[in-house]
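J.: My questions concern the predicted model and sequence given below.
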Amino acid sequence: MSVQPSLRLRGLRKRFGQRSALDGVDLTLEGPQIVGIVGPDGAGKTTLLRAIAGLLEIAADEASVLGFDLRKDVRALKAQIGYVPQSFSLHRDLSVYENLRFTARLHRLGNEEFERRTESLLARTGLLPFADRPAGALSGGMKQKLSIANALLPEPALLALDEPTAGVDVMARDEIWRILEERRGKSLVLISTSYLDETEACDRLLYLDEGRVVAQGTPAELRAQVPVRLLRAWGSDPRAIAKAAGALPYVVSARVRGPFARIEIAAEELPGEARLYADFAGLVPRVRLLEPAPVDMESALLFLSRKQTQGTSAP
Amino acid sequence: MSAPIISVRNLTKRFGEFTAVDRLAIDVAPGSIFAFLGANGSGKSTTIRMLIGLLRPTEGSIEVDGVDVIRHPRRVRDHIGYMGQKVSLYPGLSLRENVEFYAGLHGLAGPELEARWGALRERFELSDAEAERPENLPAGLRQRAGLALATLHRPRVLFLDEPTAGVDVHSRGLFWELIREEADAGRTVFVTTHFLEEVDYCDWASFIDEGKLIANAVPEDLRRRYSGGYRVHIDGEPAQELTTPAIDDAFFAELDPLLAVRPGARVRIDSPSMTDVFRRVIAESTGARRAQP
């Protein structure tokens, strides 16, 4: 495909009865890349992915996906989209191979082309030894890999994946990401995930809340927006250190994380260096080392969720 | 360690030719958070089903809170609470109705139920959700409700099977605070997860592969054994890099003199991620298996 995949949404809205699932999504994406969709449970991530995949009737001021208008006939669009829903939706009684052949027929893929692509997809997903196994008898991780192989078979310009790695073990996640990496320069890949390491691997992130995109940018840009300073306090009793640090007036949160206490401070309330170190030196039990750490994706996402909560509860 | 509250020996489950769980031996300390880890299909769920008396093992012994689970699979039920990945709340019933149903199963009613549920409702932030049906609740809230129900009858051991799968980072943080509070109250928590960084919230981690235990230690010992250690960078003149297997007294004994000659120098520590630790656990186990004839 020579045309660059692109997407342009303005004021995208979707209601389910009384409930507004998407409440004016504005979003422009140009060119192949991996875009992570993050945000709290119930923010509208699934609805947005389904809308983009042409599976929902929506309202919008503009809703162009791969040059097709979502408000009109989307059958031609669907042929160019691979969609992986949250729950397994392939034919459980068909084998891995038969499921792929079924999809190939829907897309009118020639036999030779089908065999070539299938062999390569099964090898890359590690599913080759299981080609004849009924899909219903695969483990959770293998089911997800089959769903992705199935979505990739028509070599779609846009791939929409709804939490493809939820409940999936680390090795299968690594395999799934190796496959996505191969699409990075070729397709527009939209993926929702709750794994922090996966959000770091995305080219761009969209933070959704209450049906809107409230923040977006590269992972580094999102981290840079966060007015929080992160510190790690090391000592022999990190639980007691976290408890003591939590009582300092400028500490937003203090939690144990294995061998250290992870401490967040609001940037605007950050005391001078001298006072900060003096305060921590005075904690009981003793802090052996106070280490300023770079803001990570966990802090960034927690900050965005706190900000939204405060925003909506304000009078 | 005080006498284990869960003690498993030689636990084996075969389905025909297939050995799902293979001579497993684990001990869980009372009041601890015990992470039970492994790949999809490694035998985790089969093991949990045996521990809670739902599946009879082919061989071996299981004792949970003093109950021989194989001989008395039903007797263990009042000692344990269970919550699966698909939370065991009945759709169509409100959360409050679910509470009454579960309380009834354990003979909890009247003022005793009101006091217990009232406290849980407060602490788990469920007041607004009480009249809602579980299918209408966001995943994080639904999981908290599931945990509240699992612990309603004050069980001695909580079994939580992937309680945070598909839950957002904010709700996961809250959820782990509640788990720690349960452990502090003396309850033992047996928990599985694929968010491997959550192992740092736990007191112990066991990892199984093809039904066999391949790692079994406190999290810091796993870091020590399965990573290149902590990389420590000290600013100042001259800057210095060092590697240490743990941030412990021995490390500080080495660090303090280095800092003494560099007043005010910053120290940065690169911690090995738990996800990488378990990638290595798996790689070594797979390598060892392939090396066998």
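T.: It's in.
J.: buried set for the helix of greatest length in chain B?
T.: Determined from DSSP state H, the single longest helix within chain B is helix B:274-291. For helix B:274-291, burial by neighbour count (16 or more other Cβ atoms under 10 Å in any protein chain shown) applies to B:274, B:275, B:276, B:277, B:278, B:279, B:280, B:281, B:282, B:285. Using the backbone N, CA and C atoms, a C-beta is placed for each residue, glycine as well.
J.: can you list the weak-confidence ranges in the stretch 51-200 of chain A?
T.: Scanning the stretch 51-200 of chain A for pLDDT under 70 picks out no residues.
J.: Spell out which parts of it neighbour chain B.
T.: Contact residues (Cβ under 8 Å from any Cβ of the partner chain) of the stretch 51-200 of chain A with chain B: A:86, A:139-142, A:163, A:166-174, A:194-197.
J.: of the buried residues of helix B:274-291, closest to residue A:157?
T.: Nearest to residue A:157 out of these is residue B:275 (Cβ to Cβ; 31.5 Å).
J.: For the closest one, list the residues it contacts.
T.: Taking Cβ atoms under 8 Å, 6 or more residues apart in numbering or on different chains as the criterion, residue B:275 is in contact with A:170, A:197, B:196, B:197.
J.: Just the ones of those in helices?
T.: Of the positions in the contacts of residue B:275, A:170, A:197 sit in helices, assigned by DSSP H.
J.: For the stretch 151-300 of chain A, just list every one of the helices.
T.: A:170-183, A:196-200, A:219-224, A:238-246, A:273-281, A:297-313 (DSSP state H, counting those that start in this stretch).
J.: Contacts for the last one next, please.
T.: The set of residues that contact helix A:297-313 without belonging to it, under Cβ under 8 Å, 6+ apart, is A:38-40, A:196, A:199-200, A:207, A:209-210, A:214-215, A:219, A:222-223, A:225-228, A:230, A:253, A:264, B:168-170, B:173.
J.: Looking at those residues, which are in strands?
T.: Of those, the ones assigned to strands by DSSP state E are A:38, A:207, A:209, A:214, A:215, A:228, A:230, A:253, A:264.
J.: before we move on, back to that, hmm, which of the contacts of helix A:297-313 are the buried ones?
T.: The neighbour count (16+ other Cβ under 10 Å) marks A:38-40, A:196, A:199, A:207, A:209-210, A:214-215, A:219, A:222-223, A:225-226, A:228, A:230, A:253, A:264, B:168-170, B:173 as buried among the contacts of helix A:297-313.
J.: related to what we said a few turns ago, turn the helices of the stretch 151-300 of chain A into JSON lines, columns for distance to residue B:141.
T.: Formatted as JSON lines, these follow (distance: least, Cβ to Cβ, whole Å):
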{"stretch": "helix A:170-183", "distance to residue B:141": "26"}
{"stretch": "helix A:196-200", "distance to residue B:141": "21"}
{"stretch": "helix A:219-224", "distance to residue B:141": "25"}
{"stretch": "helix A:238-246", "distance to residue B:141": "24"}
{"stretch": "helix A:273-281", "distance to residue B:141": "35"}
{"stretch": "helix A:297-313", "distance to residue B:141": "13"}
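J.: Show me the chain divided up by domain.
T.: Picking chain A for this. A:6-223, A:227-294 (automatic domain parsing).
J.: My question was about chain B, not that one.
T.: Following automatic domain parsing, one finds the domains of chain B at B:6-221, B:222-291.
J.: tell me the most buried of these?
T.: domain B:6-221 (a mean of 19; mean count of other Cβ atoms under 10 Å in any protein chain shown).
J.: Off-centre distance for stretch A:263-275?
T.: Centroid displacement of stretch A:263-275 relative to its chain, using Cα atoms, centre = their mean, to the nearest Å, is 31 Å.
J.: What residue in the chain is the furthest from its centre?
T.: By default, I'm working from chain A. residue A:282 (41.0 Å; Cα atoms, centre = their mean).
J.: looking at chain B here, not the other one
T.: residue B:237 (44.2 Å).
J.: residues touching that one, list them.
T.: If you count contacts by Cβ under 8 Å, 6+ apart, residue B:237 has them with residue B:262.
J.: No more questions from me, cheers.
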